[in-house]
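# I would like to see how this sequence folds:
(one chain, ligands or ions: 2)
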Amino acid sequence: MTTVDLPLLPLGRGTDLNSERGVECPGDLPSASDPDLVARALAAKEALGDRVFVLGHHYQRDEVIQFADVTGDSFKLARDAAGRPDAEYIVFCGVHFMAESADILTSPDQQVILPDLAAGCSMADMARLTQVEMAWAAMTEAGVAESVVPVTYMNSSADIKAFCGRNGGVVCTSSNAEVALEWAFAQKPGAKVLFLPDQHLGRNTAILKMGLTLDDCVVWDPHRPNGGLTPEQLRDATMILWKGHCSVHGRFTAEVVDELRATIPDVQILVHPECAHQVVLKADLVGSTEFIITTIEAAPAGSSWAIGTELNLVKRLAAAHPDKRITFLDKTVCYCSTMNRIDLPHFVWAMESLVAGQVVNRIEVDPETEKWALVALERMLALPGKTHKD
Ligand code: 13P
Ligand code: SF4
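Ligands and ions are numbered 1, 2, ... in the order given. As a prediction, the model looks like this:
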């Protein structure tokens, strides 16, 4: 049985990112009501053949992900982009930081395209380079910067990744945060980690995987003087968590977990590590989007699941597994509005432009940023052990 507890409200159309970046979509977008959009996308893809490689993150809309050559979480997609040196164009159906990472990991001859430039990430926007540099200066003044290894979640801008590369740090994703933290703590005796920008992934990994406690963690608030922390607090901490979060995963609550456990017999709670610590503590399983998918695929028929991650993915899982009861772990709509910016009209527009010889919405990281961001990304790709659940 598939529950129908998946509300269908009008989707939000973007966030402050659109106005903030002053993004306009050049040229005429096809109308969303054009009945030929699917046929046009197919024709453009066929015309481009192997010259184009389309990547689709698991949170993308159905109407778009059907055209992806590969789908995946952010770690898998970064590897997949790097694994297609022959493709002239990489069309990234995901968000801005993912397209930046693809540009960094591909050759200068390859062009990465984000069908809508307003597809940003509110979490990535919560850590700006100037803020991070101010935090680093304060840590230097407190005498702790020398012990700090910066670790940034993939969900960060290229200049934050470059900051980590320049300062002996690494990038991680939700698939490999544990091994990245192990690496960071092994870099020097008495190492501390500055974890950017998602406090929840940092806290959940530190406590559930590394055996640290809440007392070992402090939160750096970039909107308060000295991050709201004293030099003593910085010196005593093992994990300095940046005060950032995902607005989508931040909606899941421990109360709803309790309600579902009371109403659905034997329900298993499966959540993404971007969820708050209280939610993760109450969950049965925690992992990246790829892990969530493989867990549901391996689950026995008749099992019941409540999933705490983005709604496009949960709906797709529910549709693909009618023999399992799959419920969304939130009472209201919870799409990622910026992931949803990539819709069929934008995809068709980007692909048809390529067919016409025009590259639109190219994502290009400047060479100096790219050099150092690549250092941090390559450190991640070289991490030992199993770094991806596929
Ligand atoms: P993963 O793809 O790493 O699971 O991350 C989820 C996410 O929020 C991407 O923006
Ligand atoms: Fe960013 Fe959250 Fe959307 Fe992922 S789901 S792109 S972290 S806002």
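# residues in the stretch 151-300 of the chain within reach of ligand 2, list them.
Neighbours of ligand 2 within the stretch 151-300 of the chain, by C-beta under 6 Å from any ligand atom: 155, 246-248. (C-beta placed from N, C-alpha, C; glycine too.)
# Kindly indicate which of those lies nearest ligand 2.
residue 246 (3.3 Å; C-beta to the nearest ligand atom).
# who touches the closest one in this structure?
Neighbouring residues of residue 246 by C-beta atoms under 8 Å, 6 or more residues apart in numbering: 122-123, 155, 198, 200, 274.
# Output these in CSV; the columns should cover distance to ligand 1, pLDDT and secondary structure.
CSV is the format used below for those (distance: C-beta to the nearest ligand atom, whole Å; pLDDT from 0 to 100; DSSP: H, G, I helix; E, B strand; the rest coil):
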residue, distance to ligand 1, pLDDT, secondary structure
122, 10, 96, coil
123, 7, 97, coil
155, 5, 97, coil
198, 9, 98, coil
200, 11, 98, helix
274, 6, 97, coil
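# Taking those together, which two end up most distant?
122 and 200 (13.6 Å; C-beta to C-beta).
# So which bits of stretch 196-216 are buried?
For stretch 196-216, the neighbour count (16 or more other C-beta atoms under 10 Å) marks 196-208, 210, 212, 216 as buried.
# before we move on, the earlier item: of the contacts of residue 246, closest to residue 364?
Set against residue 364, the nearest of these by C-beta to C-beta is residue 155 (19.7 Å).
# State the number of residues packed around that closest one.
Number of residues near residue 155 (other C-beta atoms under 10 Å) recorded here: 28.
# So it is in contact with residue 97, correct?
Yes - here residue 155 reaches residue 97: they are 5.8 Å apart, a contact under C-beta atoms under 8 Å.
# okay, and the common contacts of these two?
Shared contacts of residue 155 and residue 97 (C-beta under 8 Å, 6+ apart): 121, 124.
# Among the buried residues of stretch 196-216, which are located in helices?
Secondary structure from DSSP state H places 199-208 of the buried residues of stretch 196-216 in helices.
# can you pull the contacts of the residue in the chain that ligand 1 sits nearest to?
The chain approaches ligand 1 most closely through residue 73 (3.2 Å), counting by C-beta to the nearest ligand atom. Counting by C-beta under 8 Å, 6+ apart, residue 73 touches 57-58, 173-175, 288-290.
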